Structure formats: C-alpha cells, structure tokens
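> Here is a sequence with its predicted model. Questions after.
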Amino acid sequence: MKTAFLSGRRLREWREYLTAYLMIAPATILILMFGIFPVGFALFVSLHKWRLKRGDFLGMDNYVRALENFAYILFFGLAVGLLVWGVMALRRMWVESQEFGDQPWWLALPALLFSATLLSMVNWLFRVLPEMLDIADKIIGLEKTRELFLQLLDEAFHAEIAFAAWRILVSLAVISLLVFAGLLFSQQLSKPRFGNYTFQFLGVELVLFSGAWLLWVTYLAVQAAYVLAMESGVDPGIWPQVITIGSGVILLLLGWRVWQRGLTRSNNWAFLGHVLAAMTMLVGAWLLIGELPTLLAAGDKDIWVGLKVTLFYSLGTVPFQLTFSLFLAILLFQKLRGSEIFRMLYFLPYVTPTVASAAIFRQLFSNRYQAPINQLLITLGMEPQQWLREPRGIFVILAQAAHLSWPDWAAGPSMALLAIMIYSVWTYIGYDTVIYLAGLGNISTELIEAAEIDGAGQWEVFRHITLPLLSPTTYFLSLLAIIGTFKAFNHIWVMRQGSALGTTDTFSVVIFAEFFEKLRYGYASALAFVLFAVILSLTYINNKIQGSRVFYG
Amino acid sequence: MDSEQHFWKNSRKAAKNISVYTFLVLGVVISVTPFLWMILTSFMSLGEAQGIRWIPSQLHFENYTNAWKEAAFSEYFVNSVFLTIITLAGELTFSIMAAYAFARIKFPGREVIFGLLLSTIMIPAMVNIIPNFLTVTWLGRIGPIKWINNWPALTIPFMGSIFSIFLLRQFFAQIPDELFDAARIDGAGHLRFLVKVVLPLSKAPVMVIIVLSFIGSWNALAWPMLVTNSPDWRPIAVGLYNFVEEAGQSLHLMMAGAFITIIPILVLYFFTQKQFTESIARSGLKG
C-alpha cells in the first residue's frame, strides 16, 4: 500500500517511533556508556603502557608479557577463526539465496560501504579518545567554566590526526546515507529478505575485515619481535610454535568432528574407520600441542598461579556444593513438617551480604588458637592450624602430620584456599538447594509412581529417573558455579591475607590486585581480556559437550 | 495381625522421618552456627571475645553504640540507604520506560538495539571496571559536580540495568492487547497507559527488581572501594571491609558491625521471604 509522503498516517507512525526512542534513551545511553563503550575503552587501555596515566602505545606487548609467545598464537587463532566464520557465513548465505532463487550479490557493495563507515567510526573514536582524555589534565588548576570546557572540547576535536579521521568518517557517512536513501527509494530493501541480506553482508564483511587486519597486525608484531630478538642473538622461535600448535589445534578440531560423525554411523566398518582416523588425528594433535605447557609456563607467573587457584577452587567447591544441595533438596522435598523453615534457614548464608559473612569466617578461621575452628581441632585432638595465613598445600600439611615426605608439585590447594572453599560451599548450598527443589517440583510424579509399581526401589528411582530428569538443573547450576569461580571476588578479597602469598587469589582477584594495588591499568586490562576469553570459551565448550548430554524430558 | 503390620509400617516411617530430620537439623546447625557465634561475640567484652568462651558472661550492649558511633557505622548505614534509594529510583524509572518501549511499541531497530544491550550480560565485571573508573574520573574533572567520592559515581552507572529491562519486558509483553486498545479508544497515549494500567499490574516484577538491587548495592565491594576514599559517601560494605582490615583485635566491635550490616537484609528477607527467594533464584546474581 502506498501512502503519501507526509500523510497523517506517516506522521502518526513517526510520532510513535519518536516516543519509543525517547523512552529507551536514558537506559540505552547509560548501558552504552558503562557497559559497551568500556569494552572498547579497555581494549584501548590494554594496548598502552598505562600506570595511573596513559603512557606509550605498546601494541600487543601487554598480552605478550602476560602469555609470552602464546599470545601470538592466540591472536593468529582468533584471526583465522574470524576469517573461517566469515567464509562459512557467506556459504550459508549462498545456500539460502539458491533456495529462494535470489540474486543478492550486488548488495555486498553497499554493505562494504556501510561497514567501511562503521570501521572509520571506530578509527575516529580511537583517535579522538586520547585527546578527550587529555582535557581532564588540561583543566586541572583552572577555573571550570562552560566556555573553557567548550574551547578545550573544540581543540580536542580539531586535533590533527583526530580531525583527519573525522573527515574520512563524515565523507563516508554522507555517501553511505545517499546510497541507503537510494536503496530505500528504489524499493530494493523492501523486497523480501533483501534487507536481511544487506545486514548479513555488513556483518560478514566486518568480521572478514577484522580477521584480515588482526592477521596482518599479528604478523607485523611477530616480525618486530624477531628483529628485537635477533639483535640480542636469540631465536625466539615464534613461527615454528605458531605452525606446530596451530596445526595441532586444527587436527584436534578435525578429530573431534570425525569422532562425532563416526558415532552416528550405523555401519560397523564405517564406524571403526571413523574412530581410527579420529584417534590418529587426536594422537597427532597431542604430539603437536605437547610443547604448549612449557610455552605457557614462560608467561607471567601470577596468571598461572591465578588459573591454578581458580581450577582448585572450582574442583573443590562445585562438586561438593552440588552433591550436598541435591541431598538436602531431596530431604526437603519429602514435605515434612517445618520444611519451609529449614529452607529459609539454609538460604540465610546466601542472602547475607558477602562482606559480613566473609568477615565472620575470617575470624572463625583465624590463626589464633582460641579461634573457633582451631578450638574444634584441638577438641578433636589435632594441631591448631594457620588457616587463612597458611600458603602451604593441604596435602603437604597432611603428609607432614603423618611424617611422610610429599612432592611439591602435588601440594594441592593451600590451607588458606581450603578455608575459602569451605566458606564458598557454605554460602552456595542454600542457593543450589532452592534451585534443585524447583527442579524436583517439575518432575512428574506419574513417572516415579509407574517405576514404583514396577518394583523399583528408592535408589533405583533416584538413579534412573530423578537424576536424569534433573540434568538440566545440574547443567545450569554447574555452568553458573564454574563461571562464578572465575568471577569470585568479594569474599576472597575480604579473607585474603598477605602471608598466604597469593595462594588464594583467583583470576579476578589477580586482575583487581594488578589494577588496584600495583596501578598497572594497561596490563590489568589485558589480563581482563584474557579472563573474558577464558569465560567465553568455557561457556562454548560446556555448551558443546554437556549440551548434547543433558536430557530435556 | 493387622495392627501389628500397621505398627511396623508406622515405626519404619517414624525411623525414616527421624533420620531425615537428623540430617536437616545438622544442615541447619552448619548454616546457622557462624551467625550465632557472631551474635554471641558481639555482646562480649574485648577480653572475652578473644578467649575461647561462647557465652558472654554479661551482655555488653555498648559494643553496638560504640560500633555505631565511633566506628562510623551510622554514617555508612545512612550512606548505603541513600545510595540504594537513588539507584533504585533511577533504575526503576529508566527500566520501566525502556522495557515498555521494547515490549509494546514497534520501531525500527528494536531487535538490534535490544540484542546489543542484552549482549552486555556476558561481559565480566573486571573488563569494565578499569575503563569505567577512568570515565568516571574524567567526568568528575570536567563536569560541574564531583563523581569520585560523591553519589554520582556510586549510583548513575547502575541506573541502566539490562537485567531489569529484560525482566520487565517479559512481563509487559504478556499484558493482553485488548487492554491497550481499550485505553486507546478512551484517548490514552502510551505514557498514560503505562502509568494507569501497566504499572498497577506489575507489582511482582517491580518487587523483584527492588529486592535484587537492594542486595546488589548492599553487597557491592570492588567498585565502591575504588570510587570512595573518605567516609563521606562510603557504603556499609566498604565501611565494614575497612574496619575488618584496620581494627585488628577488636573482634567484638567487628562482629557488632557485621551484625549491623546484616540486619536490614535480614529484615527484608523475613518480610518478603517468598518473593525474595524466588527473585534470587531467578537471577543467580552475586559474584
């Protein structure tokens, strides 16, 4: 239906749009400013030497300092991943357009223009950001007036490089707008699916361009590292590492895919062939990746301690809190008298403000021999412990008590971390119990009754009906808990003590300490991105592996 | 014969119940004992608190007045209440407006903008904390009001909450269209419809947001620690943390302070128990 350009209907529509934009404006601006913009800003910070104030541009050096040569491998991997993803998306588009008999390929050109505009906007933001930041330094000591601020803003805006970037942005934006208007008026975008195609092209081109750019920048960085290393007469050996480990990872992925495919084959020989091929690939991948641990060990010690602590922390808390809470949930589910009150009391630790409950535990697990936990140990005839001040591993301490010698590498989590893990389990049991109770409530009683009529005992019902039907809940809780261990901060910050020598610092705590205590903003930002990458890949792997095994009844 | 069978069945059931209760009570002992110890210790004298006794020989109520006045817990408490109210007012207004537009008005870019906002949920706090600190410092230096050590840094960044928008949007989308059509015929615009019809219906999700943001601001440690360096605007969690770090030996005051920190949350918990449990269960917050 065609409507006149400024008909009453159009106007009403526009008023409606305006209302909507005004309504979402405050929240959207705030989230953009404190939720999305900071990611780019953090990237900017992480590329600089930045201790309290912005220093020199360093490129990837902060990442290399954290991960050594592994950083290059990671960036190459990311670049290749982006390129592969872009190409796959193109292929999907091709299949889709074939299906509908569309000819959308010429839309790639306008989309290229739009993506160039977006990228030039990013470029401009990166150029103008430092100038804007400098305003705050220039204004110190002067009287803050509107005029002065506007003048400084104007200066920042017209600074040489920033203004050049601005000009590029404006000219691209104008052309883009014209092209967009042309597309609108020639009714191209109102063809079915064509708007969507343009959007997809835009995304694919952005991804492909970033991938290629990242590849190029990483290549330059590696070359620079070679030049630097050759001057001091050592071979950094980055290229061989990139190639072996890169091909190892590719083999690993291929092996995994072949394995997955083999599992679906009904023919025995095909199955065997697939499995054998997958096995060979996995062994080959393993041989190629074998160098990885030594490579990783060359990076910043704090990170690996942080990762190790996080690993201990999740192994020592997640299984226990899930088991205990499942047990409690099943007991509570019997609907005995007073179960409401029990549930309320179990939930209490989780509800309590973390700082307060951690302060209590800091005293309970104090190293004074009068402290409650040490008193408990003494009553049980054991030695009082240093607890939160003890950096030695628990297995070492146990072995010492039994007069055995124990190797250092198997020391396990430190005594201090053990105390924190106990706190953590204590806190989260209530939460997990409540979620499990909800999960139990969703299981239909008919199934259980049917099984009971068939003569299944209580344990069998639990093992073969309750537990599998609870698997989505377990999946949700374990994912939440594992990601939670990477984010864990408040309680550890309250309970951590200098004499535990950093054996209680999980990844987030390491980052915050770099930032807050050592004032290395640039380095801490780089670490934060490493954390982000770890969390994203954990979520992805967890979805891939566990997602296929969860039973959604 | 029949009654004998009945007796055995009953007693087996009783035995089962007793064992279930044993475990349940054991769980309660473990989860409640630390609080009990805190309360008992908070009434002791300094000497007793450092000893091994559990029961105070005399109730030292003055610990609470000391913590309240000398350790400045009164100030922190008032700060926290103020900050929570300011944050909540902003968060509720902005989220309700945005959620309404996302749920009930069709406009170009709706899905894209919402998806963009939703993607921020994945970002770990540690990525954002450093640049946000820089932004807030910058804003305070160039602008007319201070941000660091003042209420804006502690409240404004939390007023845009995608979680609240998401929750409310889900709820608003379920309100039947007939209601809106009826209001339209009566001549009501979006804003009137929102205030007169939608809001009175959405007490439940609004309550959830109030509870969650209350817990959130009572729990926050890293950010407030960063943006406050004097007691003027320091919220209670940071106050307690500093007290724990600095007070050293005065255990009894520390526990009194911890109890003061916990009380408001406890009160809220006991009064809105069901709502409270459900809202937390739904969000899985707390890091």
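Structure's in. What do you need? Numbering: from 1, shown residues only, chains lettered A, B, ... in the order given.
> Could you find the residue in the stretch 151-287 of chain B that comes nearest to chain A?
Of all residues in the stretch 151-287 of chain B, residue B:160 sits closest to chain A, at 2.8 Å by Cβ to the nearest Cβ. C-beta coordinates here come from the backbone N, C-alpha and C atoms, glycine included.
> so that residue sits right up against residue A:36, yeah?
No. Using Cβ atoms under 8 Å, residue B:160 is not in contact with residue A:36; the gap is 10.4 Å.
> part of a strand, is the residue of the stretch 151-287 of chain B closest to chain A?
No. Under DSSP: H, G, I helix; E, B strand; the rest coil, residue B:160 sits outside any strand and is assigned coil.
> So it versus residue A:129, what's the distance?
In this view, residue B:160 and residue A:129 are 21 Å apart by Cβ to Cβ, to the nearest Å.
> Pass me the low-pLDDT residue ranges in the stretch 151-287 of chain B, would you?
Along the stretch 151-287 of chain B, segments meeting pLDDT under 70 span B:247-248, B:279-287.
> follow-up on the earlier one: what's near enough to touch the residue of the stretch 151-287 of chain B closest to chain A?
Contacts of residue B:160 were listed using Cβ atoms under 8 Å, 6 or more residues apart in numbering or on different chains, and they are A:26-31, A:33-35, B:91, B:94.
> Closest residue of the stretch 1-150 of chain A to chain B?
Here the stretch 1-150 of chain A gets closest to chain B at one residue, residue A:30, 2.8 Å apart by Cβ to the nearest Cβ.
> Would you confirm that that residue belongs to a strand?
No. Secondary structure of residue A:30 (three-state DSSP): helix, not part of a strand.
> Could you pick out the buried ones from the contacts of residue B:160?
A:26-28, A:30-31, A:33-35, B:91, B:94 (16 or more other Cβ atoms under 10 Å in any protein chain shown).
> can I get these in a markdown table with distance to residue A:77 and pLDDT?
Formatted as a markdown table, those follow (distance: Cβ to Cβ, whole Å; pLDDT from 0 to 100):
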| residue | distance to residue A:77 | pLDDT |
| --- | --- | --- |
| A:26 | 40 | 95 |
| A:27 | 36 | 95 |
| A:28 | 34 | 95 |
| A:30 | 35 | 95 |
| A:31 | 30 | 95 |
| A:33 | 32 | 93 |
| A:34 | 30 | 94 |
| A:35 | 27 | 92 |
| B:91 | 39 | 95 |
| B:94 | 40 | 96 |
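> hmm, which two among those are most spread apart?
The two members of these with the most space between them (Cβ to Cβ) are A:33 and B:91, at 14.8 Å.
> May I see the buried residues of stretch A:414-425?
Under the neighbour-count criterion of 16+ other Cβ under 10 Å, stretch A:414-425 has A:414-425 buried.
> Actually, stretch A:283-299.
A:284-285, A:288-289, A:292, A:295, A:299.
> possible to save those as a markdown table with distance to residue A:157, pLDDT and secondary structure?
As requested, the buried residues of stretch A:283-299 are exported to a markdown table (distance: Cβ to Cβ, whole Å; pLDDT from 0 to 100; DSSP: H, G, I helix; E, B strand; the rest coil):
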| residue | distance to residue A:157 | pLDDT | secondary structure |
| --- | --- | --- | --- |
| A:284 | 56 | 79 | helix |
| A:285 | 52 | 76 | helix |
| A:288 | 51 | 73 | helix |
| A:289 | 50 | 73 | helix |
| A:292 | 47 | 71 | helix |
| A:295 | 45 | 71 | helix |
| A:299 | 40 | 74 | coil |
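> right, is the helix or strand harbouring residue A:449 up against chain B?
In this assignment (DSSP states H and E), residue A:449 forms part of helix A:445-453. No. Between helix A:445-453 and chain B, judged by Cβ under 8 Å from any Cβ of the partner chain, nothing touches; the nearest distance is 15.5 Å.
> Pull out the buried positions in that helix.
Applying 16+ other Cβ under 10 Å to helix A:445-453 flags A:448, A:451 as buried.
> that older thread, please verify my assumption that the residue of the stretch 1-150 of chain A closest to chain B contacts residue B:159.
Yes. Contact criterion Cβ under 8 Å: residue A:30 and residue B:159 qualify, at 5.6 Å.
> Spell out the residue ranges of the helices in the stretch 351-500 of chain A.
Here the stretch 351-500 of chain A has its helices, by DSSP state H, counting those that start in this stretch, at A:354-364, A:372-379, A:394-401, A:415-442, A:445-453, A:458-461, A:467-469, A:471-487, A:490-495.
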